[in-house]
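Asks: next one to model:
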Amino acid sequence: MSHDAIVMLKQDHKEVRGLFREFQKSSTTPARREKLVEQIIEALTVHTYLENEIMYPQVRALLPELEDDILESYEEHHVADVLVVELAAMDASDERFVAKTTVLIENVTHHVEEEEQDWFPKVREGLTRTQLRDIGEQMEKARKTAPRRPEQPSALKKTIDAVIG
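Replies: Residues are numbered from 1 along each chain as shown. Next up is the predicted model:
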């Protein structure tokens, strides 16, 4: 497997898009949808952790001209994180489960398209192969211990706990 940071992130995007496509099939049963959402939550939690903790801070330091792009990406991750936390507390029988997952898919798809079409080319142009490999190696190491489930902010957790008992 390549240790180029961009190649690694694009592979994560490909995996998530496959899960999205399967979720959106009309023949997918509620039980299968629930399992797919669990997989989506894990994949997105790991991926956003790697970007937020390693990729974005390092690119921000090395390519300060991309700061606005990075700040926007952090905010897009924040929106996805809120949806992921809410989905993690739901099951497929909830009337908003499919709708909330659909909104997550739309938001993440938009974010992925921006990264792949706009941001990644700028990063590839601005960094050396060695820098991208070094960042990728750090991400690969961090992937082993990255969180697999979203951390719930305490106030939101209390609200969710009160609602679900």
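
Asks: quick one, helices of the chain?
Replies: Under the criterion DSSP state H, helices of the chain are mapped to 5-24, 30-50, 56-62, 67-88, 97-114, 120-126, 129-143, 154-164.

Asks: okay, those, which one's buried deepest?
Replies: Mean neighbour count, computed with mean count of other C-beta atoms under 10 Å, is highest for helix 30-50 among the helices of the chain, reaching a mean of 19. To be clear about C-beta, it is placed using only N, CA and C from the backbone, and glycine gets the same treatment.

Asks: that one to helix 97-114, inter-axis angle?
Replies: Helix 30-50 runs at 40 degrees relative to helix 97-114, counting by axes from the mean of the first three to the mean of the last three C-alpha atoms, to 10 degrees.

Asks: list the contacts of helix 30-50.
Replies: With C-beta atoms under 8 Å, 6 or more residues apart in numbering as the test, helix 30-50 has contacts from 9, 12, 15-16, 19-20, 22-23, 28, 77, 80-81, 84, 87-88, 91-93, 97-98, 101, 104, 108, 139, 142-143, 146-150.
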